[in-house]
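S.K.: Here you go, sequence then predicted model.
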Amino acid sequence: MKLFNTLSRTKEEFVPLEPGKVKMYVCGPTVYNFIHIGNARPMIVFDTVRRYFEYKGYEVNYVSNFTDVDDKIIKKAIEEGVDADTISQRYIAECKKDMASMNVKPATTHPQATQEICGMLEMIQTLIDKGHAYMAKDGTVYFRTKSFKDYGKLSHKNLDELQSGFREIKVTGDEKEDPSDFVLWKPKKDGEPFWESPWCEGRPGWHIECSVMSKKYLGEQIDIHAGGEDLVFPHHENEIAQSEAANDKPFATYWLHNAFLNIDNRKMSKSLGNFFTVREIGEKYDLQVLRFFMLSAHYRSPLNFSAELMEASRNGLERILTAVERLNDLDGKVSGDAFAAEEEADAAAVRELVGKYEAAMDDDFNTADAISAVFELVKLSNSTASESSTKAYVDYLKDTIAKLCDVLGIITERKAEVLDSEVEELIAARQQARKDKNFARADEIRQQLLDMGIVLEDTREGVKWKRA
Ligand code: AMP
Ligand code: ZN
């Protein structure tokens, strides 16, 4: 299996630290709003990477954090007049719902930064003790980039270039020894959440969170660290500096980065305001379509979001579901628990396509080519399976398509038809829950309906619903 490693900028053979096991850390979202479909790209892509390792028989320990202390969360809390915790807990819950709707498996552990402050204090102290960090007069603790000889190895930047780039900042006179030094701990401002520390009452910098959570849940050395390409510098570069300086060991063997999801060929981002939330897309499409769309391109290629491409994904997915439905139908009509002699060649063709699929995935998770192999399999199924096939052959096709799609996180069984009466009953139960002020239950029912493809709209005339 080959992976493109940002560290070496080449495809490298995957060699796990421990045979049969993969330790993997994926930087998760900052939780101050609903996630947008750009944030969904790393979730879907690296969930697929995880699923493929599992398909190959590896045991995967998958850790993905929630950044729940951050300026944007605090700003939102002030706007709403609530505390930061209320905001982050709300959007963690919403994010988990979106992940479930996109069939993204829950991580082995989803740590939250605010629950891991002790570990951060410890790592920062270690860095100070070893001369890799220092405290400024105001209590801010900085990492001393000059003390880490490999600084820049991931982003392939040269420390001297970085420093000249930062020269301007230095003129503004902050208390850093060097303009490229970065914050490990910073003093609180009025009204902000804070923790006690040996340096000042304050809060951690963003980068230290991931170094600490990765160490706690996966150990000092891990196989894969992943995230969007915008994280290469400074976030991941700084994580490497902190972890390797504190632990005296290489941090992650492989660094994987997904390219951006664009819209109108511009980066989709919250700050540019040109984004769709996963929730919005879920009102128009089954989120399997979004997942299929994301995997239709290689994860390292930029991907432009458009209604046409979503439509093409919907049609492609439909072709697969229809083929499986036909196999299910045939399954009830055929018999024979061994291939007939004349099916051997077709069965060999199936095996060959599985080989093609695996070769694509082994080549740095080329899901675009893997999907092409699935389409070829669907075509083969449509042309070779019939009422005169054996059950062995029909089942072989059906199980193979389901297994290969499962790695992509695509469920091949069509969702059951939802009856109007069933919807009405659930809506009535939701109304009752609201009357009882059981809002958690009411939300749960709304989500259940959404999963069934039913969108609710609360209007003055009462609740209206439609099929997505
Ligand atoms: P954030 O909440 O901004 O920290 O982002 C969470 C994750 O989503 C990170 O891995 C980002 O790199 C990734 N991300 C954010 N926007 C996009 C986008 N438009 N396309 C792909 N990945 C993105
Ligand atoms: Zn991170």
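M.R.: That came through, no problem. Numbers count the residues shown, from 1 in each chain. Ligands and ions are numbered 1, 2, ... in the order given.
S.K.: from the middle of its chain, how far away would stretch 205-221 be?
M.R.: 17 Å (CA atoms, centre = their mean, to the nearest Å).
S.K.: Would you mind listing the buried residues in it?
M.R.: 205-215, 217-218, 221 (16 or more other CB atoms under 10 Å). C-beta: built from backbone N, CA, C; applies to glycine.
S.K.: what sits against the residue of the stretch 101-250 of the chain found nearest ligand 1?
M.R.: Across the stretch 101-250 of the chain, the shortest distance to ligand 1 (CB to the nearest ligand atom) belongs to Gly228, at 1.9 Å. Taking CB atoms under 8 Å, 6 or more residues apart in numbering as the contact definition, Gly228 lies against Cys27, Gly38, Arg41, Pro42, His257, Asn258, Phe260.
S.K.: ok, now which ones touch the residue in the stretch 1-150 of the chain positioned nearest to ligand 1?
M.R.: When distances are taken as CB to the nearest ligand atom, the stretch 1-150 of the chain reaches nearest to ligand 1 at Gly38, 2.4 Å away. The neighbourhood of Gly38, defined by CB under 8 Å, 6+ apart, consists of Gly228, Phe260, Leu261, Lys267, Met268, Ser269, Phe275.
S.K.: ok, now Met102?
M.R.: Neighbours of Met102 in contact, by CB under 8 Å, 6+ apart: Ala40, Met43, Ile44, Val278, Leu287, Leu290, Arg291, Gly409.
S.K.: any idea how far Asn304 is from Lys379?
M.R.: According to CB to CB, to the nearest Å, Asn304 stands 27 Å off from Lys379.
S.K.: I should have written Lys466 there, sorry.
M.R.: 35 Å.
S.K.: Quickly name whichever of the contacts of Met102 is closest to ligand 2.
M.R.: Ligand 2 lies nearest to Met43 out of these, by CB to the ion, at 13.8 Å.
S.K.: right, and the closest one touches Ala100 too?
M.R.: No: if you go by CB atoms under 8 Å, Met43 and Ala100 don't touch, sitting 11.1 Å apart.
S.K.: Among these two, which residue is more densely surrounded?
M.R.: Met43 (26 against 14; other CB atoms under 10 Å).
S.K.: Any idea which helix or strand in the chain has the lowest mean pLDDT?
M.R.: helix 159-171 (a mean of 62; mean pLDDT, DSSP states H and E).
S.K.: average pLDDT for whichever helix or strand comes after that one?
M.R.: Downstream of helix 159-171, the first helix or strand assigned by DSSP states H and E is strand 182-187. For strand 182-187, mean pLDDT is 97.
S.K.: Can you give the strand pairings for strand 182-187, parallel or anti for each?
M.R.: Within its sheet, and counting by DSSP bridges, strand 182-187 is paired with strand 141-143 (antiparallel), strand 202-204 (antiparallel).
S.K.: hmm, the last one in reach of ligand 2?
M.R.: Pointing back at strand 202-204 there. No: applying CB under 5 Å from the ion, one finds strand 202-204 out of contact with ligand 2, separated by at least 12.1 Å.
S.K.: now the strands for the stretch 351-468 of the chain?
M.R.: Shown for the stretch 351-468 of the chain, the strands assigned by DSSP state E, counting those that start in this stretch span residues 454-459, 462-467.
S.K.: Which residue is the nearest non-sequential neighbour of Phe276?
M.R.: Leaving aside its chain neighbours, Phe276 sits nearest to Ile37 (5.4 Å; criterion: CB to CB, 6 or more residues apart in numbering).
S.K.: Was I right to think that neighbour contacts Phe305?
M.R.: Yes: with contact defined as CB under 8 Å, Ile37 reaches Phe305; the gap is 6.6 Å.
S.K.: Identify the contacts common to those two.
M.R.: Leu261, Met268, Phe276.
S.K.: residues of stretch 87-102 that come out buried?
M.R.: Applying 16+ other CB under 10 Å to stretch 87-102 flags Ile87, Ser88, Arg90, Tyr91, Ile92, Glu94, Cys95, Lys97, Asp98, Met99, Ser101, Met102 as buried.
S.K.: Skip the chain neighbours and tell me the closest residue to the second one.
M.R.: Here the nearest residue to Ser88 in space, its sequence neighbours aside, is Asp68; by CB to CB, 6+ apart that works out to 3.7 Å.
S.K.: thinking again about what came up before, looking at the strands paired with strand 182-187, which one is packed in the most?
M.R.: strand 141-143 (a mean of 26; mean count of other CB atoms under 10 Å).
S.K.: ok, back up a step: using TSV, lay out the contacts of Met102 together with secondary structure.
M.R.: Output for those, formatted as TSV (DSSP: H, G, I helix; E, B strand; the rest coil):
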residue	secondary structure
Ala40	helix
Met43	helix
Ile44	helix
Val278	helix
Leu287	helix
Leu290	helix
Arg291	helix
Gly409	coil
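S.K.: Now narrow these to whatever sits close to ligand 1.
M.R.: With respect to ligand 1, and counting by CB under 6 Å from any ligand atom, no part of the contacts of Met102 is in contact.
S.K.: What segments of the stretch 101-250 of the chain are helices?
M.R.: 117-129, 159-171, 206-218, 237-247 (DSSP state H, counting those that start in this stretch).
S.K.: can you tell me which of those helices comes nearest to Ile401?
M.R.: helix 206-218 (33.8 Å; CB to CB).
S.K.: Return the angle between stretch directions for the closest one and helix 237-247.
M.R.: 50 degrees (axes from the mean of the first three to the mean of the last three CA atoms, to 10 degrees).
S.K.: then helix 206-218 to CSV, C-alphas only?
M.R.: C-alpha atoms of helix 206-218 as CSV (Å, rounded to 0.1, in the frame of the first residue of the first chain):
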residue,chain,number,x,y,z
TRP,A,206,-4.3,25.7,19.3
HIS,A,207,-1.3,23.6,18.2
ILE,A,208,-0.5,22.2,21.7
GLU,A,209,-4.0,20.7,21.9
CYS,A,210,-3.4,18.2,19.1
SER,A,211,0.1,17.2,20.2
VAL,A,212,-1.3,16.4,23.7
MET,A,213,-4.4,14.6,22.6
SER,A,214,-2.5,12.5,20.1
LYS,A,215,0.0,11.5,22.7
LYS,A,216,-2.6,10.7,25.3
TYR,A,217,-4.8,8.5,23.1
LEU,A,218,-2.3,7.0,20.7
